[in-house]
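Sequence first, predicted model second:
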Amino acid sequence: MNSRLVKLIKLGQMRYDPCLKLQNHLSETLKTTAINECGYLIIVEHEPVYTIGIRQRDYDILLENNLVKLGAEFKRTNRGGLITFHGPGQLIAYPILNLKYFQPSVRWYVTNLETTIVNLCNKTYGLNANTTPDTGVWIGNNKICAVGIRCSRYVTTHGIALNCNTDLSWFKHIIPCGLHNKGVTSLSSILKKDISINDVLPNFLIHFSKSFSCEIVNSELDEIK
């Protein structure tokens, strides 16, 4: 049995702000607790929202207003990375981990997130996913999973967004992650059948557990509060 314990919190569909508030609460708990806590894994499906990372000067109020008119929220965050979209049909995973109990390296952490998704895509669905010098997981020239994280005192927030049966038209209004001449794709689009978050989640958890050598246990939000 793995000695590292990660508590799984499944939130269903939720707006971005309440979920960010929960992330911040849990990360502060890990920073201040005297208990040997390894962390949490939040699984959520966001209502339509465009988010940008710490390079916020690249995005003005005109772009923000245009995107909001589409029916999505627009949020400025403290994660790494540029603009992306989150919405229904996208598996969002926010690991809140104390890397001191894993490997105190941000590069190691990002590599393991990417490895989790590469193994999920290739071993479960028989695809040819890979990593490139650009962060995230790719199938050919199309990104299937975005990665944007923050690490403070070795405690992580934010995470990954895997397109399962996401409406990809939302991405047409932005340059995803600031990468020109690149596209986005989804499991459903590639496999030409509907692949839902519920279809993907059990396999994602298996591969996450292997990548991070941890035991994932179900936890209710009330327990954590």
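That came through, no problem. Residues are numbered from 1 along each chain as shown.

Quick check: D134 is in a helix.
No: if the criterion is DSSP: H, G, I helix; E, B strand; the rest coil, then D134 is coil and not within a helix.

Roughly how far does it sit from N142?
For D134, the distance to N142 equals 12 Å [C-beta to C-beta, to the nearest Å]. Where C-beta positions appear, they are placed from N, C-alpha and C, glycine not excepted.

Kindly report the same for K123.
For K123, the distance to N142 - C-beta to C-beta - is 20 Å.

same thing with P48?
21 Å.

same check, this time on Q23
For Q23, the distance to N142 - C-beta to C-beta - is 28 Å.

swap in H86?
For H86 relative to N142 (C-beta to C-beta), the value is 17 Å.

can you check G136 too?
Relative to N142, and taking C-beta to C-beta, G136 is found at 10 Å.

and if you look at N65?
28 Å.

Name the residues of stretch 103-123 that come out as buried.
109-110, 112-122 (16 or more other C-beta atoms under 10 Å).

follow-up on the earlier one: look at Q23 and N142 and report which has more neighbours.
Per other C-beta atoms under 10 Å, whichever of Q23 and N142 has more neighbours is Q23, with 21 against 16.

Quickly note the distance from that one to K123.
29 Å.

So, low pLDDT: which residues of the chain?
1-2, 34-37, 54-60, 176-180, 222-225 (pLDDT under 70).

same thing but 50
For the chain, the stretches with pLDDT under 50 are 1.

the helices in it, which residues?
16-32, 61-68, 106-119, 125, 187-191, 197-212, 221-224 (DSSP state H).

how about a markdown table for those, with distance to C164 added?
Output for those, formatted as a markdown table (distance: least, C-beta to C-beta, whole Å):
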| stretch | distance to C164 |
| --- | --- |
| helix 16-32 | 18 |
| helix 61-68 | 22 |
| helix 106-119 | 12 |
| helix 125 | 11 |
| helix 187-191 | 5 |
| helix 197-212 | 5 |
| helix 221-224 | 23 |
